[in-house]
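Colleague: here is the input, now give the coordinates:
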Amino acid sequence: MTEFSPRAVDRAIRKVAELRALCRRLPHVPTPAEIQKLTEFDAFRSGRSAACSLAAVRAGFRAAWAARDYATIVSLAGKLPGEMLRADAAILTYVENASRRLAM
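Modeller: Here you go, the predicted model:
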């Protein structure tokens, strides 16, 4: 079994924190799967599609949150089936927090 000294643990935590800070500064580049979900979400948002998958809503709300587009999240939440909102904690969290941001 390996023993860790406080100094070694401190060094490791600092390296992880530095790596996390670097990653947060880098721009987000969507994957092909995410692009497909965002395309589906955009069709729903624009009214070209009457329905949207749970994964597409999650991706769209994540993108809207990152862009600080809280109005999109709140307005589209009203168009989603209630069971979709209740089925996904992440979607519900985006809606609740976006509602609070708009109320400020």
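Colleague: now do the buried residues in the helix or strand where Val9 lies.
Modeller: Using DSSP states H and E, Val9 falls within helix 6-25. Across helix 6-25, burial judged by 16 or more other C-beta atoms under 10 Å covers no residue at all. In this view, the C-beta of every residue, glycine as well, is placed from N, C-alpha and C.
Colleague: contacts for the helix or strand just after it next, please.
Modeller: Going down the chain from helix 6-25, the next helix or strand is helix 32-46, by DSSP H and E. For helix 32-46, contacts defined as C-beta atoms under 8 Å, 6 or more residues apart in numbering pick out 30, 49-53, 55-60, 63, 72, 76, 79.
Colleague: just give me the closest of these to Met104.
Modeller: Checking those against Met104 by C-beta to C-beta gives Thr72 as the nearest, at 16.7 Å.
Colleague: still on that earlier bit, just the buried residues from the contacts of helix 32-46, in PyMOL please.
Modeller: Selection of buried members from the contacts of helix 32-46 for PyMOL, criterion 16+ other C-beta under 10 Å:
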select buried, resi 52+56+57+58+59+60+63+72+76
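Colleague: where helices are concerned, which of the contacts of helix 32-46 count?
Modeller: Residues of the contacts of helix 32-46 located in helices (DSSP state H): Ala55, Ala56, Val57, Arg58, Ala59, Gly60, Ala63, Thr72, Leu76.
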